[in-house]
Each structure stands twice: as structure tokens, then as C-alpha cells.
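Colleague: Predicted model, plus sequence, below.
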Amino acid sequence: MAAKTNFEQSMKKLEKIVQELESGDLPLEEAMQKFEEGIKLSRICSKKLDETEKKITLLLQDQKGNVSEKPFISEDK
Amino acid sequence: MAAKTNFEQSMKKLEKIVQELESGDLPLEEAMQKFEEGIKLSRICSKKLDETEKKITLLLQDQKGNVSEKPFISEDK
Amino acid sequence: MAAKTNFEQSMKKLEKIVQELESGDLPLEEAMQKFEEGIKLSRICSKKLDETEKKITLLLQDQKGNVSEKPFISEDK
Amino acid sequence: MAAKTNFEQSMKKLEKIVQELESGDLPLEEAMQKFEEGIKLSRICSKKLDETEKKITLLLQDQKGNVSEKPFISEDK
Amino acid sequence: MAAKTNFEQSMKKLEKIVQELESGDLPLEEAMQKFEEGIKLSRICSKKLDETEKKITLLLQDQKGNVSEKPFISEDK
Amino acid sequence: MAAKTNFEQSMKKLEKIVQELESGDLPLEEAMQKFEEGIKLSRICSKKLDETEKKITLLLQDQKGNVSEKPFISEDK
Amino acid sequence: MTIEKHHNIYTVSQLNSEIKFLLEDSFPFIWISGEISNCKMPGSGHLYFTLKDENSQISCVMFRGQNQKLKFELEDGLSITGLGRISLYEPRGTYQLIFEFLEPKGIGALQIAFEQLKDRLTSEGLFDDKYKRPLPFLPQKISLITSPTGAVVHDILKIIDRRFPNLFIEIVPVKVQGENSEKEIVQALELLSTLNDTDIIIMARGGGSLEDLSAFNSENVARAVFSTKIPVVSAIGHETDFTISDFVADLRAPTPSAAAELVVPSKDELKRRQEDIFSKLKSNIWQYIEKHRYILAQVSKSLVDPKRKVQDLRLKIDDLTNRLTRIFLNSINQKHEQFKLWNDLLFINKPLSYIANLNEKLANNTDKLTTLNTIYLNNKRSLIRENKGRLYALNPTAILKRGYSITRTIPGADIVKTAHSVSIGQNLEVMLAKGLLAVNVQKITDSS
């Protein structure tokens, strides 16, 4: 699954692809391939971030039983 | 069970996690893992304190025959 | 016998526990244990104070050495 | 399939044909043949570009969940 | 078929016939034959040119029918 | 048939007859005969030319698809 | 005094030293009575005076530690009895009495007996601190050896009741003076010791003379107190009254009331103390919990939630994606432009111009061809026409116009040159200048 892909590795790959596209005049097919892979990586990374954010929200929600954006600050003030 | 975990050890771990997260250098997955563990530890500690408090209340109730909800904190301030 | 439990010793122990708890440096479990012990000691002390019934007797011994007890009636009452 | 043909090679061939046609020295049949080949190449290139554009649109559409006609160019200006 | 005849050769032959007819006093039958051949060649060449023109038109028509003139360029301007 | 008669030979014969008649030494019958033959030859040649012209007209007509009485001279002037 | 007659020559120091030894060894403690004179108390707080009788006097001192315990004021002329020891002050060769105890004179033999017993028991160790038993902090049963009547028992009970109402008090009634009192007290002590079910014994009696207190100064009572297994508090007389029992008891109370106070703690105080400590215990445990909750909250608060990181990464991804798309689209556009250029050029260079040229050339040739054809045919035709004209000009029948005619046979068309070459009835044709005649031979005339 997408979740299994290491996020940092995907980001690195994406960056590398962008650099490759930026640096050189790649043939159309190769450029297309790179672009496709880049978009996919971008989507994977985005998805991963979505999941992570969701998880964070759930975790914070779990703890309080209800959603709280700043969970601890409010308690002792 | 959560109760089996030593409170102090959990606190130590939590503190360590906080420091690690504060350093900010962790890869996303690791940071997430740490955060999750931190939340769990925080919850465990909180629960442990809750349990302890309950126990205290019960102990005090036993003695007095009636509940006394944290009567003294406010008294000596 | 109740007399075996020394009120003073219990109080001493209790005082020591209170001091230890005051420092706040005990691990939670130990603190809880101490507290429980404190509760017990406190209860023992309290009990100790109310244990004995009020009674005033006269201890008499006749010529033959027979010992007898009879209530003491205060003369001025 | 047309997709198998390398776009750049097709472009090169097309360029060469155009130059040959420009020189005007070709016999009719050859000129005709070249022109026909040029048309084919043009069609291949065009198709390839169309496919690429379609693919881009799909890729970008996929990512956003809705079609965006000017997806990135306009965004960062 | 007519298409098989090399156009340039036909043109050459036609020219030669014209020259022969111009230069000399040929007997009627021979002149007639030459003339006839000339007409035929003229017709073949004309036909060939017509066909070629038609073909070009068709090719162009085809090409226009599916080439899109300015797909992306216009978008970001 | 008359067509078989070589046009050029007929023309020669006709010329010869004309020359013989011009010499004036021929008896009437012979003269009459020559004359008549001359007439015939003249007719044959004329016919031949007519036929030829007709044929050409047909050829040109074939090419154009319609009859043109004065096909070439008038057309390109 | 006789020692000076010996041969031994002493130094003054040696002598004084030996005298000091002799004196102090011989009179370790003596009871002495006499009249006070020349009494002084310098700044040191030690009391200096002279003790004299009718014939003699001796220098005396009572050090501050001891004289503070005096229950009366020393003054010149006062007769006292005291306990002291002889001490020689070597540097000056003077000796003096160092008093430990002083009291006004007149107690007499009882007092001496008292002191003697006290000395004896002291040397026996009955008063040693090592034998003093600690009192129970909170006795549950108190045995009171006293007279069941009178103010003493009343006071004690009252005080105990006030301090700790729920105590078991057992009164062992005894005579506290006079005949049998000593015996009863001893019996009471022995009984309690035997029963051994009490926490503490108070021997109490009100104040009185030395004689009144004699039971409590008896050796029997002292030994009974000493051998009792239960801690004993003596509360005899007033504060200034000391008895042997006082010395041997585990604790001496100055008065019976004081004994009650000493033996019985205040219940209210204890309760308060217990409650105080209990509430402190509670407050401490809650504080402990609160402290740890606070620490936990602080630490938990510092638990950095990676949302910020996620947002940063989102921005980065957006940036990368934008760059990716922009670059890629640029490159595609470039390729598109390039393609369009070549495509346009291809169209511009389409071979239609060829066709036009070739068409023109073809038309040229074709025109030429047809023109040549026409010329050719016209030539031939005119040639024919010419010949035909010339032929017609030579037509042998031209003479007919001048009136000649030609007769020919039918058929055969043989020219008839002679008449007899024909036969009557033969059909002939006559060619005229214009027209033909068909004739029938009717007559033949031979002109020859």
C-alpha cells in the first residue's frame, strides 16, 4: 500500500524528478514518465500527510474524547 | 494492562519523546510514531493518576464513610 | 492486645510518611503504598484514642488475699 | 503502435523531410512520398502530444478530483 | 497501371515527341502515332498530377481534421 | 480498303497523274482514266485526312470529355 | 595535726595534697548542722557562707547548680542542716564544706534516717536511671494507689477525666499515713505487680510533714516500687516534698495533679494531632497527585504534535508539484511549438507547387502537340487541294464547254469515235458541257 512507502524516500524521489526535469531537456516520453511518477509520488505523499493528519486528530480526539485543537495548553490556564 | 506500567518509567519515556520531538529532526514516520507513543504514555500516566486518585478517594471514603472530593488542596493555599 | 500497638510509634511512622509524601520525590506506587499505610496508621491512632471505655473501679483485697473489684463511687458526687 | 515511436526521432525525421521539401529538388513521386511520410510523422507527433496532454489532464484531474483547465501555470503567477 | 509509369519519364517522352513532330516531316501514320502517344502521355501526366493533387488535398484534409491548432500555448497566455 | 493505301503513295500517284495530264499528250481515254484516278486518289487522301482528324478529335474528346471543334488553336489564345 | 611531728619533710604542696586526700576521703558526705553567718553571693552565683556553732566555725560553699534548688532563702543567723563534703583548696591550704543540700534545721532524726536510707539505696543503685522505665505514652489502664477519699483522688480523677475521659482507672485503696499504711502500700504494689494488667501505677498522696510522708520514705515501699514490673509514678506531697519513693519511682510528679497530667495525655490534643497529621497526609497525597498531574500536563503540553511538520511538508509537496507541473508543461509546450513549426513548414512546402509547375509544362507540351497536329493536317490538306485543283484544270472534258460532246457506250463507257462502232437501238450517253444525255441509236450514218 501507499502507506508502506517511506514518506521521506518518496519526497526525495519527487525532488530528484523535479531537478531532473528542471535541469535537462528530456525526451517527451521520458519527461512524461518522470512527470507521471512525480504526480504519483506527490499524490502518495499528500495522501500520507492526510492520513497522518487524520491520525493526529484522532489521537488528540481519543485522548480527550472530543476534538481539541490545542489539547494541553487550555488545561492548565 | 496500563496499570502494570510503572508511572515513573512512562513519564521518563514521555519526557524523552518530548525532547526527541522538540529537536525536530525526526523523519515524519518516526515523529508520528513518537507522537503516538507519547500520547499513549500521556494517557497511561493520566489514567494511572486517575486510578490512584480513585483509590485515594475510596480509601478516604472507607475511613470516613462518606466521599471527600479532594478537600485539602484548596485548604492549604 | 490493642495495647501492643503503640500510639506514639504509629504517630511517628505516620509523621515520617507525611514528610516523605511532602517531598514529592517518591515514585507513584510507593507514594500510594505510603499513603495507604498512612491511612491505616491514622486509623489505628484514631481507634486507639477511642478504644478504652471509661471505667473507675476499686481493687480490693481482703485479709485472706482474695481480690475483688467494685465500682468506685466518688464521694463528692 | 504510434506510442512506441519515439517522439523526438519523429520530430527529427519530420524536420529532415521539411528541409528536403524546402530544397524543391525532388522528383514528384519522391516529394510526394516524403510529404506523405511527413504527414504521417506529423500525425504521429500530434497524436503523441494529444495523448500526452490527455494524460496530463487525467493525471491532474485525478489528483484534484476535478478538472482544472489551467492547473499550475496560472496558479503561481 | 498509370501510376506505375514514372511521371518524369512520361514528361520526357512527351517532350521528345513534341520535338520530333516539330523537327521533321513525318509520314502521316507515324505522325499520327506520335501524336496519339503524345496525347496519351499528356493525359497520363495530367492524371498523375490530378491524382497527386487530390492526394495532397486529402492528406491535408485528414491532417487538419485532427490536428488541433493551439492546444496549450493559448492557455497560459 | 482505302485505309490500307498509304497516304503518302496516294499523294505521290496523284501528283504524277497531274504531271502526266499536264504534259497533254495522253489520248482522251487515258486522260479521262488518269483524271478519274486522280479524282479518286484525291478523294482517298482527303478521306484519309478526314479520318485522321476525326480520330484526333475523338482522342481529344476522350481527354476532355466533350467535343471541341477547334480544339487547340482557339483554346490557348 | 600530729602528722607534723614525723620526720618526713613534706613540701607544702605534698602536705596539702595528702591532707586533701585524708580530708576528702574521710568526709565524703556528711550531714552537718549549724548557724549561717557571713553569707555572700558574688556574681558567680555560688553561695559563700560560714557555718558556726557556739565554739567553732567552718567556711562553706554551695555552688550555683545546687543552690538554685534551695527551697528557702539562706540568711545569716539561720540554723540549717545540710549534706556536704569536705574539700581542701590546695593553693591556699584552706578547707571548706561544699554543700549539696541544705534545709532549715529542726527535722531531726527522721530526716537523717531519710538521708541515710536514700544514701544506701542510691549506692545500691535503686535510683539509677538505667532502671527507670519509660511511661506508656497512652496508658489504657491506670492504677491509682492512694486513699479513696479526699482531695487527691478527686483531683486526679478530675484531671484524667478532663484530659482523657475514656480511660480505665483502677483505684487501689490504701492508707497513706499512719499505722499499716506502709504495709498496705507495699501490698497494693505487690498485688498490681502480680495481676500485671495495668499500664501504669500512680502512687499519690497530698502534702504533709516528713512524718506524714514516712510510709513513702520507707525502705519497704521503696523496694516494692523498685521491684514492680509496672512503671510507677510517685506523686507525693507538694513540689518541695521529696520522698524515697520519688527517687525510686520511674517518674516523680511534683504533685498528684501533675501526675495525672504527666501520665495521661490530652485526648483532645492527641486527636487534634492525629487529625492534623491525617489531614496533612491527605493534603500531601493530593498535592502529590496534583504535582504529578501538573508535571504530566506540562510534559504532555510539550509533546509537539507533528501537524506543523505535516503543514510544512504539504507546502513543500505543493511547491515541488507546482514546479514539476510547470516545468513539464513548459517542456510540452516547447515541444508543441517545435512541432507546430515543423508541421507548418511541412504544409507550406506541400508539393502542390510542383504540380502547378508540372501542369504548366505539361500544358505547354500538350498545346504544342495539338498545334503541331493541326499544322501537319492543314499542310496535307492544302497539298491535296492543290493537286486536286491542278487535276481539275486538266480535266479532259473541258472541251465540252466549247460545244463538244463525248458519246460513250452504255454500259462500257467506251468513247464512240466512229458511227459504225454502235448499233441501232444501242443506248449511249452523251456528255455535254452541262449534263448528260441518254440517247438511242436510231440511224447510223457512215461518213467514210
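Modeller: Okay, I see it. Numbers count the residues shown, from 1 in each chain, chains lettered A, B, ... in the order given.
Colleague: Can you pull out the low-pLDDT segments for chain G?
Modeller: Counting by pLDDT under 70, the ranges of chain G that qualify are G:1-6, G:71-72, G:106-112, G:447-448.
Colleague: How is it partitioned into domains?
Modeller: G:12-106, G:126-265, G:268-299, G:400-440 (automatic domain parsing).
Colleague: Put together JSON lines for those domains, with distance to chain E and mean neighbour count on each row.
Modeller: Where C-beta positions appear, they are placed from N, C-alpha and C, glycine not excepted. As requested, those are exported to JSON lines (distance: least, C-beta to the nearest C-beta, whole Å; neighbours: other C-beta atoms under 10 Å in any protein chain shown):
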{"stretch": "domain G:12-106", "distance to chain E": "113", "mean neighbour count": "15"}
{"stretch": "domain G:126-265", "distance to chain E": "97", "mean neighbour count": "20"}
{"stretch": "domain G:268-299", "distance to chain E": "52", "mean neighbour count": "19"}
{"stretch": "domain G:400-440", "distance to chain E": "33", "mean neighbour count": "13"}
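Colleague: In a markdown table: those domains, plus distance to chain D.
Modeller: Shown next, in a markdown table, are the domains of chain G (distance: least, C-beta to the nearest C-beta, whole Å):
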| stretch | distance to chain D |
| --- | --- |
| domain G:12-106 | 102 |
| domain G:126-265 | 82 |
| domain G:268-299 | 40 |
| domain G:400-440 | 66 |
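Colleague: mind checking which of those is nearest G:Ile355?
Modeller: domain G:400-440 (64.7 Å; C-beta to C-beta).
Colleague: Look at that closest one and report the distance between its end residues.
Modeller: 20 Å (C-alpha to C-alpha, to the nearest Å).
Colleague: That one and chain F, any residue contact?
Modeller: Yes. Contact of domain G:400-440 with chain F (C-beta under 8 Å from any C-beta of the partner chain) involves G:Ile406, G:Ile415.
Colleague: host element of the spatially most central residue of chain A?
Modeller: Centroid check for chain A by C-alpha atoms, centre = their mean gives A:Cys45 as the closest residue, at 2.7 Å. Assigned by DSSP states H and E, A:Cys45 belongs to helix A:28-64.
Colleague: Enumerate the positions of that helix that are buried.
Modeller: A:28-29, A:31-32, A:34-36, A:38-46, A:48-49, A:52-53, A:56, A:59-60, A:63 (16 or more other C-beta atoms under 10 Å in any protein chain shown).
Colleague: now check the lowest-mean-pLDDT helix or strand in chain A, is it near chain E?
Modeller: Of all helical and strand segments in chain A, the minimum by mean pLDDT, DSSP states H and E falls on helix A:28-64, at a mean of 86. No. For helix A:28-64 and chain E, the contact criterion (C-beta under 8 Å from any C-beta) is not met; the two come no nearer than 13.3 Å.
Colleague: ok now the host helix or strand of G:Lys282, how far from the chain's centre?
Modeller: If you go by DSSP H and E, G:Lys282 is part of helix G:267-301. Here helix G:267-301 is found 16 Å from its chain centre; the criterion is C-alpha atoms, centre = their mean, to the nearest Å.
Colleague: Do any residues in that helix lie close to chain C?
Modeller: Yes. Helix G:267-301 is in contact with chain C by C-beta under 8 Å from any C-beta, via G:267, G:270-271, G:273-274, G:277-278, G:280-281, G:284-285, G:287-288, G:291-292.
Colleague: by how many degrees do the helix holding A:Cys45 and helix D:28-64 diverge?
Modeller: 0 degrees (axes from the mean of the first three to the mean of the last three C-alpha atoms, to 10 degrees).
Colleague: and helix A:28-64, what other elements does it pack with?
Modeller: Secondary-structure packing of helix A:28-64 (3 or more C-beta pairs under 8 Å, 6 or more residues apart in numbering or on different chains; DSSP states H and E): helix A:7-23, helix B:28-64, helix D:7-23, helix D:28-64, helix G:307-348.
Colleague: of all these, which lies closest to G:Gly150?
Modeller: It is, among those and with distance given as C-beta to C-beta, helix B:28-64, at 44.4 Å.
Colleague: can you state the direction angle for the closest one and helix B:7-23?
Modeller: Using the same axes, to 10 degrees: helix B:28-64 against helix B:7-23 is 150 degrees.
Colleague: Pull up the gap between G:Leu88 and chain B, please.
Modeller: As judged by C-beta to the nearest C-beta, to the nearest Å, G:Leu88 and chain B stand 66 Å apart.
Colleague: Check for me that that residue belongs to a strand.
Modeller: Yes. Assessed with DSSP: H, G, I helix; E, B strand; the rest coil, G:Leu88 lies in a strand.
Colleague: Nearest residue to it in space, please, no chain neighbours.
Modeller: Spatially, and ignoring its direct neighbours in sequence, G:Leu88 is nearest to G:Lys20 (3.8 Å; C-beta to C-beta, 6 or more residues apart in numbering or on different chains).
Colleague: Can you give the contact residues for the helix or strand containing that neighbour?
Modeller: When elements are assigned from DSSP H and E, G:Lys20 belongs to helix G:12-26. Here helix G:12-26 makes contact (C-beta atoms under 8 Å, 6 or more residues apart in numbering or on different chains) with G:Ile3, G:Tyr10, G:Arg85, G:Ile86, G:Ser87, G:Leu88, G:Glu90, G:Gly93, G:Tyr95.
Colleague: Tell me which two in those residues are the farthest apart.
Modeller: G:Tyr10 and G:Arg85 (23.8 Å).
Colleague: now the one residue in chain A that gets nearest to chain D, nearest residue through space, not along the chain?
Modeller: Minimum separation of chain A from chain D (C-beta to the nearest C-beta) falls at A:Leu28, amounting to 3.9 Å. Nearest residue to A:Leu28, sequence neighbours excluded (C-beta to C-beta, 6+ apart): D:Phe7, at 3.9 Å.
Colleague: cool, G:Glu184 as well?
Modeller: G:Val174 (4.0 Å).
Colleague: before we move on, what about G:Arg205?
Modeller: That would be G:Val176: by C-beta to C-beta, 6+ apart, it lies 4.2 Å from G:Arg205.
Colleague: Confirm G:Pro134 sits in a strand?
Modeller: No. Counting by three-state DSSP, G:Pro134 is not part of a strand but coil.
Colleague: State the phi and psi torsions of it.
Modeller: Dihedral pair for G:Pro134: phi -70, psi 150, per degrees, to the nearest 10.
Colleague: What separation do you get for it and chain B?
Modeller: 30 Å.
Colleague: which bits of the stretch 101-250 of chain G sit near chain C?
Modeller: G:136-138, G:140-141, G:143, G:148-149, G:154, G:157, G:161, G:165-173, G:187, G:191-192, G:195, G:199.
Colleague: Give me the subset of those residues that lies in helices.
Modeller: G:His154, G:Leu157, G:Asp161, G:Gln187, G:Leu191, G:Leu192, G:Leu195 (DSSP state H).
Colleague: Kindly report the residues of the stretch 251-400 of chain G close to chain F.
Modeller: Counting by C-beta under 8 Å from any C-beta, the stretch 251-400 of chain G sits next to chain F at G:363, G:367, G:370-371, G:373-374, G:377, G:380-381, G:383-384, G:387-388, G:390-391, G:394-397.
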